[in-house]
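S.K.: Here is a sequence with its predicted model. Questions after.
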Amino acid sequence: MQKTDTIRKGNRRDLAGYCKKIVKTILNYPVYTILFMLLTIALIDMVGCYFRHYLGQKTVLTGGYIDLLLLSVLMIPILLASTFCVKNYMTAREYNQKTKEEYESVINNIKEVIFQTDAKGLWTFLNPAWGEITGFSIEESIHRNFIEFVYPEDRERNIALFQPLIEKKKEYCRHEIRYLHKHRGFCWIEVFARLTIDEEGKIVGTSGTLMDITQRKVMEQELMKKEKLLQAIAEATIILLQTLDRDKAFNRALEIFGKATGTDRVYIFQNHSAPNTEDFFTSQKYEWCKEGIEPQIHNEELQNLYYRNIGVKRWYEILASGELVIGAVEDFPSQERFILEPQGIISLAIVPIFVDDLFWGFLGFDDCIEIRKWTASEIALLYAAAASMGGAIKRIDNETHIQALLKNDFKHTVQNLQNLVFKCKRGDNREIYFTLFEG
């Protein structure tokens, strides 16, 4: 008996829950609300017909009075039900509208791209951040395959990164890849994607976010370049300190600088003056070139360049004051372009070399393929490279001078020895020794 009561209570709870679910569904969907009201009216009308017939047989009231009585009795629940349904419908509609507006506000103002694709990889949804990050409008992107917007060189890698997700070996994938930008080549994107699965467990597409990390990537690359250049300066400095052969040391240092900076040509010019004048000239002494770049070390026009020549006059004033000459050749004065363009130079950076505060020459970096923009930190390191060159020049000159002095002293000593005579004698202990006296 107790078990039967428990089952009945459970059935009543199930029925109550089911009824509550029906009422909630009716209130949340306007169509169901209208149908419910129509069914209620129809049901009341049927009940009213039954009672009209019954009262007509059992009472002396006429049809008009019976209709008035039924209308008065049955109108109250109709009005109450209608009021309740309309009120809840309006509340639900207002809530849904507010929720929709809040959702659209978040989606439209978030800085990350929110996307959805179908099973074929075609965009089905993109929020406005897509246009801000890639430059492509939503209209020209929607219903196109996402792989069309991945940078061509990264497409194969992107497919390989997505494969474990497609094969359901991973719940999600996160990776950094380059996407095309409509106006400036490409942008770096951090991709986060999950599979969209239907009720039957089939893949119907993907959804996720795309975050613009271009600025972060630029900073990382600048740090890597800076670190690489610092290592190059340290390596070149060691070579310049340990090698007495100036030609060998400078050629090796230029190669290190060239590979570290990624420039096409690196060189050293040395200043010199004309005999009995105060006029300064400069000549190219050392050079390193990347493979495929035409060397200029044997270019006679780069030997004995007169600084007063209108083509390089500006350079002397800038370099002698400790500043550098830098920029795209197309922005240089026409007289300077006349000298630079035949060498295939597109942009350059020229840093002065000083030895004991004396403007000794300059260290140059040429780009012949594309215009390069040097960062402030890179320029500071170029000055450090030029300073290491100046220090090496001073050290080598000092050591050369010392060696010359030692050589002269040794020569003088040998010449003095020519006036000396050594006499061999045997002592009492039968040991041989020499005595020195002037001849």
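M.R.: Yep, that arrived. Small disclaimer: the values here were computed from a predicted structure and weren't measured. Numbering: from 1, shown residues only.
S.K.: From residue 143, how far out is the residue lying closest to residue 135 once chain neighbours are set aside?
M.R.: Setting aside the residues directly before and after it, residue 135 is nearest to residue 182 in space (CB to CB, 6 or more residues apart in numbering), at 3.2 Å. C-beta coordinates here come from the backbone N, C-alpha and C atoms, glycine included. Separation of residue 182 from residue 143 (CB to CB, to the nearest Å): 18 Å.
S.K.: For those two, indicate the residue with more neighbours.
M.R.: The neighbour count for residue 182 versus residue 143, taken as other CB atoms under 10 Å, is higher for residue 182 (14 against 10).
S.K.: list the buried ones in the longest strand anywhere in the chain?
M.R.: If you go by DSSP state E, the chain has its longest strand at strand 186-197. Judged by neighbour count using 16 or more other CB atoms under 10 Å, the buried positions of strand 186-197 are 186-191, 193, 195-196.
S.K.: And stretch 307-327, by the same measure?
M.R.: 307, 311-312, 315-316, 319-320, 324-327.
S.K.: How about residues contacting it?
M.R.: For stretch 307-327, contacts defined as CB atoms under 8 Å, 6 or more residues apart in numbering pick out 279-282, 305-306, 333, 335-336, 338-339, 347-352, 354, 359, 362, 374, 379, 382-383.
S.K.: Buried among the residues you listed? Need that as a selection in ChimeraX.
M.R.: Here is the ChimeraX command that picks out the buried ones among the contacts of stretch 307-327, judged by 16+ other CB under 10 Å:
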select :280,281,282,305,336,339,347,348,349,350,351,352,354,359,362,374,382
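S.K.: List the ones among the contacts of stretch 307-327 that fall in strands.
M.R.: Those of the contacts of stretch 307-327 lying in strands (DSSP E): 280-282, 305-306, 347-352, 354, 359, 362.
S.K.: picking up where we left off before, ok, of the buried residues of stretch 307-327, which one's closest to residue 87?
M.R.: Comparing the buried residues of stretch 307-327 against residue 87 with CB to CB places residue 327 closest, at 73.5 Å.
S.K.: ok, now how distant is that closest one from residue 201?
M.R.: 62 Å.
S.K.: Okay, buried residues for stretch 362-377 please.
M.R.: 362-368, 372, 374.
S.K.: from these, which is closest to residue 263?
M.R.: Of the buried residues of stretch 362-377, the one sitting nearest to residue 263 (CB to CB) turns out to be residue 365, at 4.5 Å.
S.K.: the inter-axis angle of the helix or strand encompassing that closest one versus strand 347-355?
M.R.: Element membership of residue 365, judged by DSSP states H and E, is strand 358-367. Strand 358-367 runs at 160 degrees relative to strand 347-355, counting by axes from the mean of the first three to the mean of the last three CA atoms, to 10 degrees.
S.K.: Low-confidence ranges, the stretch 151-300 of the chain, go.
M.R.: Where the stretch 151-300 of the chain drops to pLDDT under 70, the residues are 276-278.
S.K.: what's the neighbour count on residue 233?
M.R.: The burial count for residue 233: 20, using other CB under 10 Å.
S.K.: ok, residue 188 to residue 371 distance?
M.R.: Distance, residue 188 to residue 371, using CB to CB: 21 Å.
S.K.: same deal with residue 264?
M.R.: For residue 264, the distance to residue 371 equals 12 Å [CB to CB].
S.K.: any idea where the helices of this protein begin and end?
M.R.: 2-28, 30-58, 63-109, 129-134, 138-141, 155-166, 214-242, 246-261, 313-320, 334-340, 376-417 (DSSP state H).
S.K.: where does the stretch 1-150 of the chain have low pLDDT?
M.R.: 1-82, 85-86, 89, 100-108.
S.K.: same thing but at 50, please
M.R.: 2-4, 6-9 (pLDDT under 50).
S.K.: rewinding a little: given the strand holding residue 365, what are its sheet partners and their directions?
M.R.: strand 265-273 (antiparallel), strand 347-355 (antiparallel) (DSSP bridges).
S.K.: quick one: which of the ones you listed is nearest residue 223?
M.R.: strand 347-355 (19.7 Å).
S.K.: Residues contacting that closest one, please?
M.R.: 268, 315, 319-320, 322-329, 340, 359-367, 371-372, 374, 379, 382-383, 385-387, 389-390, 393-394, 397.
S.K.: backbone phi and psi for residue 182, please?
M.R.: Note on residue 182: its backbone torsions stand at phi -60, psi -30 [degrees, to the nearest 10].
S.K.: so who does it touch?
M.R.: So residue 182 contacts 134-136 (CB under 8 Å, 6+ apart).
S.K.: I'd like the residues you listed written out as a markdown table, with distance to residue 290 and neighbour count added.
M.R.: Converted to a markdown table, the contacts of residue 182 look like this (distance: CB to CB, whole Å; neighbours: other CB atoms under 10 Å):
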| residue | distance to residue 290 | neighbour count |
| --- | --- | --- |
| 134 | 33 | 22 |
| 135 | 33 | 13 |
| 136 | 36 | 19 |
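S.K.: quick one: which of those is nearest to residue 207?
M.R.: Closest to residue 207, out of all of the contacts of residue 182 and judged by CB to CB, is residue 134, at 17.9 Å.
S.K.: My understanding was that that closest one contacts residue 181; is that so?
M.R.: Yes: here residue 134 lies in contact with residue 181, judged by CB atoms under 8 Å, at a distance of 5.7 Å.
S.K.: what touches both of those two?
M.R.: residue 187.
S.K.: do you know how far the nearest residue to residue 147 once chain neighbours are set aside is from residue 180?
M.R.: Leaving aside its chain neighbours, residue 147 sits nearest to residue 155 (5.8 Å; criterion: CB to CB, 6+ apart). According to CB to CB, residue 155 stands 10 Å off from residue 180.
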